[in-house]
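In: No letters, just coordinates:
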């Protein structure tokens, strides 16, 4: 037995009913037979589940509204994610509400509390909240988390590990024996997963890795990261995302450092700007559109009574796009 907060999915598995039946038992008891209610409540007591449905939810019928929350909609990755979510919502007959919490965990918490009263299901993109906080949300409303694996909550993640391994193999093949990882937000699950993969690949090759940051995943913070590296630039960099990588490129180039002759740079996401900069950015392409599509399909299935088949996240494939920002390692010498 773990200390994790029990959810409606734990109750549903134990008594062999759908998650929506468990939800109705507590929120709309008049819609459930006495026998089913007794079975569900006994299972809830056994696993230690306590319903926490707001009164407003108990009083109303389905709204045909879904919600999606994102860390920062100005980040082009989320444009694609939301686009996919909109497509899937429309196909399923739902309207979609967007909430942007601007990389603020306090604002994210407030947005989720507000949306619990109005949405039938919630897609949470790149949350900065703790796992227990996300499990509490999922206990109240059908929820799918994107770019974050949370045990006991339906989750979708890109295959960060395989993408980083491919990028590290490219850099090692080009003669880079040390890679600097430019980190994203401190509370980012994806950031920790990516840096862990960088360290693992470096150790396996007998090479070294270092980390600088954290930084916001923006062009402006990429410029700030470049200022930290300009005096002693590494030969190779993997950035948390493309916008950081593009800021790094601009900052280093402004200081007279050539990309990729002096420094190779790899981004993550494959946003449109990665193909428009000079040189074009080598990047790990994440399936943002497909993540949005699948997340909404999954949350609609939960709303309609499906029970997740596994506690593990659904891992979606990524692809390394080799372009012009990576090249052979420079010989050891000062650039200043």
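Out: Arrived safely, thanks for sending. Every value quoted in this text rests on a predicted model; they were computed, and no experiment measured them.

In: Now the residue most central in space within the chain: closest residue in space, sequence neighbours ignored.
Out: Centroid-nearest residue in the chain: residue 147, 1.9 Å away (criterion: CA atoms, centre = their mean). Residue nearest to residue 147 in three dimensions, not counting chain neighbours: residue 126, with 4.6 Å by CB to CB, 6 or more residues apart in numbering. (Glycine included, C-beta is placed from N, CA and C.)

In: what ranges do the strands span in the stretch 1-150 of the chain?
Out: 65-70, 95-100, 121-125, 143-146 (DSSP state E, counting those that start in this stretch).

In: Make a markdown table out of those and add mean pLDDT.
Out: Output for these, formatted as a markdown table (pLDDT from 0 to 100):
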| stretch | mean pLDDT |
| --- | --- |
| strand 65-70 | 92 |
| strand 95-100 | 90 |
| strand 121-125 | 93 |
| strand 143-146 | 94 |
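
In: Tabulate those strands (a markdown table), appending mean neighbour count and distance to residue 234.
Out: A markdown table is the format used below for these (neighbours: other CB atoms under 10 Å; distance: least, CB to CB, whole Å):
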| stretch | mean neighbour count | distance to residue 234 |
| --- | --- | --- |
| strand 65-70 | 25 | 31 |
| strand 95-100 | 18 | 33 |
| strand 121-125 | 29 | 31 |
| strand 143-146 | 28 | 31 |
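
In: Save those strands as JSON lines, and put in distance to residue 243 too.
Out: Output for the strands of the stretch 1-150 of the chain, formatted as JSON lines (distance: least, CB to CB, whole Å):
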{"stretch": "strand 65-70", "distance to residue 243": "14"}
{"stretch": "strand 95-100", "distance to residue 243": "16"}
{"stretch": "strand 121-125", "distance to residue 243": "16"}
{"stretch": "strand 143-146", "distance to residue 243": "18"}
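
In: which residues of the stretch 151-300 of the chain fall in strands?
Out: Using DSSP E, counting those that start in this stretch, strands in the stretch 151-300 of the chain cover 154-158, 178-182, 208-212, 236-239, 264-269, 282-285.

In: For residue 22, find the nearest of these.
Out: Nearest of those to residue 22, taken as CB to CB: strand 154-158 at 14.8 Å.

In: Check what contacts the closest one and list those residues.
Out: Around strand 154-158, the neighbours that count as contacts under CB atoms under 8 Å, 6 or more residues apart in numbering are 138, 143-149, 190, 193, 286-287, 291, 294-295, 298-299, 302, 308, 313-318.

In: Can you tell me the strand partners of that strand and which way each runs?
Out: Strand 154-158 has its sheet partners listed here by DSSP bridges as strand 143-146 (parallel), strand 314-316 (parallel).

In: and it, how far out from the chain's middle?
Out: Centroid separation for strand 154-158 versus its chain: 7 Å, with CA atoms, centre = their mean, to the nearest Å.

In: List the buried residues of it.
Out: 154-158 (16 or more other CB atoms under 10 Å).

In: my guess is residue 182 contacts residue 225, does it?
Out: Yes: if you go by CB atoms under 8 Å, residue 182 and residue 225 touch, sitting 5.0 Å apart.

In: Neighbour count: the two, which is higher?
Out: residue 182 (29 against 24; other CB atoms under 10 Å).

In: Which residues are in contact with residue 249?
Out: Per CB under 8 Å, 6+ apart, neighbours of residue 249: 222, 259, 265, 277, 279, 281, 325.

In: try it again with 10 Å
Out: Residue 249 makes contacts with 219, 222-223, 226, 237, 239, 257, 259-260, 263, 265, 267, 277-279, 281, 325, as judged by CB atoms under 10 Å, 6 or more residues apart in numbering.

In: which residues of this structure fall in helices?
Out: In the chain, helices defined by DSSP state H lie at 8-15, 19-27, 34-47, 55-59, 76-92, 105-115, 131-140, 160-173, 189-205, 219-229, 242-254, 288-303, listed in chain order.

In: how close does the residue lying closest to residue 284 once chain neighbours are set aside sit to residue 209?
Out: Among residues not flanking residue 284 along the chain, residue 163 sits closest, at 3.8 Å (CB to CB, 6+ apart). Going from residue 163 to residue 209 by CB to CB, to the nearest Å gives 16 Å.

In: Counting neighbours, go ahead and name the busier of these two.
Out: residue 163 (23 against 20).

In: That one and residue 319 touch, don't they?
Out: Yes: under the criterion of CB atoms under 10 Å, residue 163 is in contact with residue 319, at a separation of 7.7 Å.

In: low-scoring stretches of this structure, by residue?
Out: Within the chain, the stretches with pLDDT under 70 are 1-5, 26-32, 50-62, 332-336.

In: domain assignment for the chain?
Out: Domain ranges of the chain: 8-157+290-312, 160-286, per automatic domain parsing.
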